[in-house]
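A.B. asks: Structural data only, the sequence is not supplied:
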Ligand code: HEC
């Protein structure tokens, strides 16, 4: 190969590599910055919930119930709204009330759009704050009762 062609190729390669590096560094900053001060419920979900509930919410039933498609049915009753913030995984998550409310609303709209009542009002930080301190002593028992009282068909 001719030397100048070789050089040109070398420069093109170097440029491509530099662009890759710059993009990589920028993306890393954006990602780390995002994690440090995230207002994105997706990130909170991945950090605090997905370990047990899996990234798509399908979880590991029956031990860990699915967060897909059934929750819309219980938010129609006050006990059901509270329940979402009272289960240990949600209640104890190291995020403030506003972020937990945003996260739970995101789970509802992202994974439960099909069952969400048309008149559903998003959870507020205030009601989540009041509910989450009333941690459920026996979540499984409470869950069975709740699902029974709402007479909901929820397969898990
Ligand atoms: C360590 C595992 C674990 C983590 C982490 C976790 N959960 Fe859970 N989650 C469970 C288990 C187990 C249950 C069933 C109730 C119980 O035993 O606590 C549950 C139940 C729930 C329920 C009720 C579902 C139903 O069908 O009754 C909701 C809502 C929920 N979790 C939300 C969350 C949210 C939101 C997060 C993250 C902020 C989270 N969980 C993190 C294990 C976890």
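C.D. replies: Looks like it came in fine. As the structure is a computational prediction, the values presented were derived from the model and not from experiment.

A.B. asks: Name the residues of the protein found near the ligand, please.
C.D. replies: 48-49, 51-53, 63-65, 67, 70, 84, 87-90, 93, 103-104, 107, 139-140, 143 (Cβ under 6 Å from any ligand atom). For the C-beta atoms, the positions are set from N, CA and C on the backbone; glycine is no exception.

A.B. asks: Sort out which of those residues are in helices and list them.
C.D. replies: 48, 51-53, 84, 88-90, 103-104, 107, 139-140, 143 (DSSP state H).

A.B. asks: which other residues reach stretch 119-133?
C.D. replies: Contact with stretch 119-133 is made by 72, 75-76, 81-86, 90-91, 96-98, 100-101, 104-105, 108, as judged by Cβ atoms under 8 Å, 6 or more residues apart in numbering.

A.B. asks: roughly how far apart are residue 122 and residue 42?
C.D. replies: 16 Å (Cβ to Cβ, to the nearest Å).

A.B. asks: returning to what we had before: pull out the buried residues from the residues of the chain next to the ligand.
C.D. replies: 48-49, 53, 65, 67, 70, 84, 87, 90, 93, 103-104, 107, 139, 143 (16 or more other Cβ atoms under 10 Å).

A.B. asks: And the pLDDT at the closest residue to the ligand within the chain?
C.D. replies: Nearest residue of the chain to the ligand (Cβ to the nearest ligand atom) works out as residue 89 at 2.4 Å. As predicted, residue 89 sits at a pLDDT of 97.
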